[in-house]
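A.B. asks: everything below, folded, please.
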Amino acid sequence: MARRNLAFALCLGGLSLGPLAGQEVRGRLEFADEIRMVSCDPAAGVPCFRIKLNIVDGQGKPLGLQLPAPDKLAASMTVKAGEQEFSPFYATIPSDATVAMRGRVALILIDISGSMNRVLASGPTRFDAAKNALEHYLSGFQDGLDEVAIVAFESHGVVAGIKAAKFAATKDEALQQVSNLPAPKPKNNTGLYSAVDMGLDVLKQKLDSTGGGAGAPEGLLVVMTDGANEVFKGDDPGLLAGDEGLNIVANRVTGSGINVVGVGFGDVSQIDEKALSRLSTKYYMASDLEGLKKIFTMTRTVLRNRVQATFASPWADRASLAGRSMHVIVKLKLPTGETLTSAEKIWETPQVGVPLMEGKCEAPELLAAIHLPPPGGGGWMALLRPVLVFAGLGVLLLIMWFWVPWLVWPERYMGAAPSSARWAEQAQPGAGAGKPAGPAPAGFGGAGPGGVRPPARAPMDKTVLYPRPDMTRTRLEARPDKDAKS
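C.D. replies: Here you go, the predicted structure:
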């Protein structure tokens, strides 16, 4: 009996006794955030990547398992990036104290369309059940650490209402926001797509104000609805609707890196489950108050049931990552012998330019990164690389200094034109060896064969002048137009 009570107490404390021998535990790893490139300078010269994973069951609910010891966690993990497999250089399991120290920032959007006035089988209306579940969620609120904003939305004043959200820093302030939620009205429709779109902006702005980084508070956007996106005449102009609106918001959710939990509440047949799945990183369905309470509890628990790891880039620098898409799969081997595997997660670079760092490594990560090998491997190659680069630049400089000018200005490197005689027994420049030149004009040249001299010039003889070649010009310059001179 004492052992049974001890086990029950440990489970209540959020710990796990692990699976019994012979039991099969069906669990998996689920990425809790986007893959983020971080800088570990000066401990490591290569870009590093930080990943966060939740341990969940087949339905995506938090699952408590016996994990490897902290000093063996990194070695028990395998990261497959493309065709390469390796272990992260750092891994940790955030403790309750670590999560409490970081705190949480949550934005909760509650649908108050007319259908939220419908009565559940258990008695209360959907709206009253939602308020009850929110009060249950806030039971774990920690003053001074957690912040939460609870905002109602329908199809009127959607953007302005969410934009005016105020994050409560105490439990009493948060409960007051629940109490002040406006009651649903019959003519209220559901601007679901625009609500999620503006919610991402507001939460991101709040998270950015905390400074970001690995020690920043955990961000969470919860969207609860009992139906589908409905926009009709008389609603806010410009509300997102149709497949185009859904695609816009779904792409924003995927690229934001923010955890978005969708909650479908009420009659499942009236809920657009397909749209809800695209608008969230994780979604749940509930039909009664107890189910809704469990969902809100899981959204709080999942932040504690997490593994964080950091691994070095398979490529030496950010420039080598330009234009690449890295497909990442993570495996974790448990002490029981079971292996948890994640689905494939894709990290993509911008289409133009090198990717930017999204943060810096913290002190424990830097200490672990010190033992990473130099970029491109260690040994003599790491020492020779700078020398080879310097020698290559030197050769390039010599080519640019000597060979390129010779190509551009060849006349300056060919010497002066020959000034030897052009007639009589001498050959013309450029003629073949031994090829005689033509007869010299009257009055020019010396004695020819047999001592015969050319006749003297007569007054009517025409004199033709040939200009000397201009050795200061290049072949690339335009020659003067002879006709223009004449």
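A.B. asks: all the helices of the stretch 201-350 of the chain, residue numbers only.
C.D. replies: For the stretch 201-350 of the chain, the helices defined by DSSP state H, counting those that start in this stretch cover 242-256, 273-278, 289-301, 318-321.
A.B. asks: so which of those helices is the most packed in?
C.D. replies: helix 289-301 (a mean of 19; mean count of other CB atoms under 10 Å). Where you see a C-beta, it was placed from the backbone N, CA and C, and this is true even at glycine.
A.B. asks: from the chain's centroid, how far away is it?
C.D. replies: How far helix 289-301 lies from its chain's middle: 31 Å, per CA atoms, centre = their mean, to the nearest Å.
A.B. asks: CA atoms of the helix or strand where Lys52 lies as CSV?
C.D. replies: Per DSSP states H and E, Lys52 falls inside strand 48-57. Extracted C-alpha coordinates of strand 48-57, given in CSV (Å, rounded to 0.1, in the frame of the first residue of the first chain):
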residue,chain,number,x,y,z
CYS,A,48,24.7,25.5,-34.7
PHE,A,49,21.1,24.5,-34.6
ARG,A,50,18.8,24.3,-31.6
ILE,A,51,15.8,21.9,-31.6
LYS,A,52,13.0,21.4,-29.0
LEU,A,53,11.0,18.2,-28.9
ASN,A,54,8.0,17.0,-26.9
ILE,A,55,7.4,13.4,-25.9
VAL,A,56,3.9,12.5,-26.9
ASP,A,57,1.8,9.4,-27.4
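A.B. asks: who does the next helix-or-strand element following it pair up with?
C.D. replies: Reading on from strand 48-57 to the C-terminus, the next helix or strand found by DSSP H and E is strand 77-81. Paired with strand 77-81 in the same sheet, following DSSP bridges, are strand 84-86 (antiparallel), strand 325-333 (antiparallel).
A.B. asks: which one of those strands lies closest to Thr341?
C.D. replies: Among these, the nearest to Thr341 by CB to CB is strand 325-333 (5.1 Å).
A.B. asks: so how many other residues sit close to Asp317?
C.D. replies: Per other CB atoms under 10 Å, the neighbour tally for Asp317 reads 14.
A.B. asks: could you list every helix and strand in contact with the strand or helix carrying Glu135?
C.D. replies: Using DSSP H and E, Glu135 maps to helix 126-137. Contact here means 3 or more CB pairs under 8 Å, 6 or more residues apart in numbering; DSSP states H and E; on that basis helix 126-137 packs against strand 104-111, helix 171-179, strand 259-265, helix 289-301.
A.B. asks: can you put these in a markdown table and add distance to Glu83 and mean pLDDT?
C.D. replies: A markdown table is the format used below for the helices and strands packed on helix 126-137 (distance: least, CB to CB, whole Å; pLDDT from 0 to 100):
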| stretch | distance to Glu83 | mean pLDDT |
| --- | --- | --- |
| strand 104-111 | 38 | 91 |
| helix 171-179 | 49 | 94 |
| strand 259-265 | 30 | 91 |
| helix 289-301 | 36 | 78 |
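A.B. asks: make TSV out of those and add distance to Ile329.
C.D. replies: Listed next are the helices and strands packed on helix 126-137 as TSV, based on distance: least, CB to CB, whole Å:
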stretch	distance to Ile329
strand 104-111	28
helix 171-179	39
strand 259-265	20
helix 289-301	25
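A.B. asks: out of those, nearest to Leu207?
C.D. replies: Closest of the helices and strands packed on helix 126-137 to Leu207 is strand 104-111, at 6.2 Å (criterion: CB to CB).
A.B. asks: tell me the helices and strands packed up against that closest one.
C.D. replies: helix 126-137, strand 147-153, helix 192-208, strand 218-225.
A.B. asks: now do the third one, average pLDDT.
C.D. replies: Mean per-residue pLDDT for helix 192-208: 93.
A.B. asks: tell me the angle of it relative to strand 104-111?
C.D. replies: Interaxial angle, helix 192-208 versus strand 104-111 (axes from the mean of the first three to the mean of the last three CA atoms, to 10 degrees): 160 degrees.
A.B. asks: please apply the same query to the second one.
C.D. replies: For strand 147-153 and strand 104-111, the angle between their directions (the same axes, to 10 degrees) works out to 10 degrees.
A.B. asks: and strand 147-153, how far out from the chain's middle?
C.D. replies: Counting by CA atoms, centre = their mean, strand 147-153 is centred 29 Å from the centre of its parent chain.
A.B. asks: can you give me the angle that strand makes with strand 218-225?
C.D. replies: Interaxial angle of strand 147-153 relative to strand 218-225 (the same axes, to 10 degrees): 20 degrees.
A.B. asks: which helix or strand lies directly C-terminal to strand 147-153?
C.D. replies: Counting by DSSP H and E, the element after strand 147-153 in chain order, helix or strand, is helix 158-163.
A.B. asks: what packs against that next one?
C.D. replies: In terms of contacts (3+ CB pairs under 8 Å, 6+ apart), helix 158-163 is packed against strand 147-153, helix 192-208.
A.B. asks: include mean neighbour count and distance to His371 when you put these into CSV, please.
C.D. replies: As requested, those are exported to CSV (neighbours: other CB atoms under 10 Å; distance: least, CB to CB, whole Å):
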stretch, mean neighbour count, distance to His371
strand 147-153, 24, 38
helix 192-208, 21, 32
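A.B. asks: including distance to Ser320, could those go into a markdown table?
C.D. replies: Compiled in a markdown table, the helices and strands packed on helix 158-163 are given as follows (distance: least, CB to CB, whole Å):
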| stretch | distance to Ser320 |
| --- | --- |
| strand 147-153 | 40 |
| helix 192-208 | 29 |
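A.B. asks: for Ala165, grab the count of nearby residues.
C.D. replies: Ala165 is flanked by 20 other residues according to other CB under 10 Å.
A.B. asks: look at it and give its secondary structure.
C.D. replies: With DSSP: H, G, I helix; E, B strand; the rest coil as the basis, Ala165 sits in coil.
A.B. asks: now it. Nearest residue, chain neighbours left out?
C.D. replies: Ala149 (4.1 Å; CB to CB, 6 or more residues apart in numbering).
A.B. asks: give me the distance between the one you found and Asp197.
C.D. replies: Using CB to CB, to the nearest Å, we find Ala149 at a distance of 16 Å from Asp197.
A.B. asks: secondary structure class for the nearest residue to Gly114 once chain neighbours are set aside?
C.D. replies: In space, and not counting its chain neighbours, Gly114 is closest to Pro186: 4.5 Å by CB to CB, 6+ apart. Three-state assignment for Pro186 (three-state DSSP): coil.
A.B. asks: and Pro186, how many neighbours does it have?
C.D. replies: Neighbour count of Pro186, defined by other CB under 10 Å: 8.
A.B. asks: tell me if I'm right that it and Ser113 touch.
C.D. replies: No - at 9.4 Å, Pro186 does not count as touching Ser113 under the criterion of CB atoms under 8 Å.
A.B. asks: tell me the pLDDT of Leu73.
C.D. replies: The per-residue pLDDT reported for Leu73 equals 92.
A.B. asks: please report phi then psi for the residue lying closest to it once chain neighbours are set aside.
C.D. replies: Nearest residue to Leu73, sequence neighbours excluded (CB to CB, 6+ apart): Ala91, at 4.3 Å. Backbone torsions of Ala91, given as degrees, to the nearest 10, read phi -150, psi 150.
A.B. asks: do Leu366 as well
C.D. replies: For Leu366, the backbone dihedrals are phi -60, psi -40 (criterion: degrees, to the nearest 10).
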